[in-house]
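K.L.:
here is a sequence with its predicted model. Questions after.
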Amino acid sequence: MLTTPAARAQSFDDAKAICPNGSTCLWSGAGFETGGYTGRYRNYFYYIPDFSAYNYSGTSASLANSASSVVNDGYSEWTYLYTGTYKTGSYLSLNIGVGADLGSPYNDNLESGYYASCLDGVC
Ligand SMILES: [Ca+2]
């Protein structure tokens, strides 16, 4: 009998390995998982101006105001995450190769994300 493991993230290294190279990945839960699955993330290679237009892959859970962990698996740029749509509100920035569980005021409160070269909306 075959079963599909839940594949809960055990570490930041696991999360970076799962996140597609060159992108920023977001998970609904802390510890780089969404409902126990590391593979259920949403990522961007450029930017997402309004998280409400997206779900976590394989789920019906909206990306808006729900992310609790993030990894920047980009090649060369900082990534910026905002509490409002279209880079409004408060923001946090993550260097390449950095990942973290989100704290206040970002946890369950992010609505847009951009790589540095896309902050002008053109990239
Ligand atoms: Ca969350």
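P.N.:
Noted; the coordinates are in hand.
K.L.:
next one: phi and psi at the closest residue to the ion within the chain?
P.N.:
Closest to the ion within the chain is Ser68: 3.5 Å, counting by Cβ to the ion. (Each C-beta comes from the backbone N, C-alpha and C, glycine too.) Backbone geometry at Ser68, expressed as degrees, to the nearest 10, gives phi -130, psi -10.
K.L.:
which one is it nearest to, not counting chain neighbours?
P.N.:
Sequence neighbours aside, Ala30 is the residue nearest to Ser68 in space, at 4.7 Å (criterion: Cβ to Cβ, 6 or more residues apart in numbering).
K.L.:
tell me who's in contact with that neighbour.
P.N.:
68-69, 101-102 (Cβ atoms under 8 Å, 6 or more residues apart in numbering).
K.L.:
can you rerun that using 6 Å?
P.N.:
68-69, 101 (Cβ atoms under 6 Å, 6 or more residues apart in numbering).
K.L.:
return the distance of it relative to Gly97.
P.N.:
For Ala30, the distance to Gly97 equals 19 Å [Cβ to Cβ, to the nearest Å].
K.L.:
cool, and Ser66?
P.N.:
Ser66 is 24 Å from Gly97, where distance means Cβ to Cβ.
K.L.:
now swap in Glu77 and tell me
P.N.:
12 Å.
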